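Trainee: below are the sequence and a predicted model; questions follow.
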Amino acid sequence: QVQLVESGGGLVQAGGSLRLSCAASGRTFTSYAMGWFRQAPGKEREFVARINRSGASTYYADSVKGRFTISRDNAKNTVYLQMNSLKPEDTAVYYCAADLGYTLRLRPQDYEYWGQGTQVTVSS
């Protein structure tokens, strides 16, 4: 079993930055790849970014590429999402998730464990 707890959300103006954190506990952190997803009101949950077990490989949705950076600190059992140049359309609840699989997986149903989410609101 894996427990994930996100933090770092909040209200920011367009063009600003936020850094989300997701602390993991339970199973060995390097046992799983990590992903960030988001869900805006009335919309489906969508993929944002993914990082492999070592942190050497990352993948991003086109909508955030060049603005967001995913990273992980395996010594601290934590994954991060640095979000720069935020836009109003980035407003959503952001979730971190853990994936025991080894291939590049982008669908929410492919991830086994989820955090409770943290709200990010970007004002125009």
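Mentor: On my side now, so go ahead.
Trainee: per-residue confidence for residue 101?
Mentor: What the model reports for residue 101 is a pLDDT of 87.
Trainee: how many residues are close by the nearest residue to it once chain neighbours are set aside?
Mentor: Leaving aside its sequence neighbours, residue 101 sits nearest to residue 110 (C-beta to C-beta, 6 or more residues apart in numbering; 6.4 Å). Yep, even glycine has a C-beta here, placed from its N, CA and C like the rest. Using other C-beta atoms under 10 Å, residue 110 has 16 neighbouring residues.
Trainee: cool, residue 91 as well?
Mentor: By the measure other C-beta under 10 Å, the count of residues near residue 91 is 18.
Trainee: which residues touch it?
Mentor: Contacts for residue 91 (C-beta atoms under 8 Å, 6 or more residues apart in numbering) come out as 40, 120-122.
Trainee: what is the nearest of those residues to residue 31?
Mentor: Using C-beta to C-beta, residue 120 is the member of the contacts of residue 91 that sits closest to residue 31, with 27.6 Å.
Trainee: any idea how far residue 6 is from the closest one?
Mentor: Going from residue 120 to residue 6 by C-beta to C-beta, to the nearest Å gives 10 Å.
Trainee: low-confidence ranges, this structure, go.
Mentor: Judged by pLDDT under 70, the chain has no weakly predicted residues.
Trainee: most centrally placed residue in it?
Mentor: Geometric centre of the chain, nearest residue: residue 36, 2.2 Å, by C-alpha atoms, centre = their mean.
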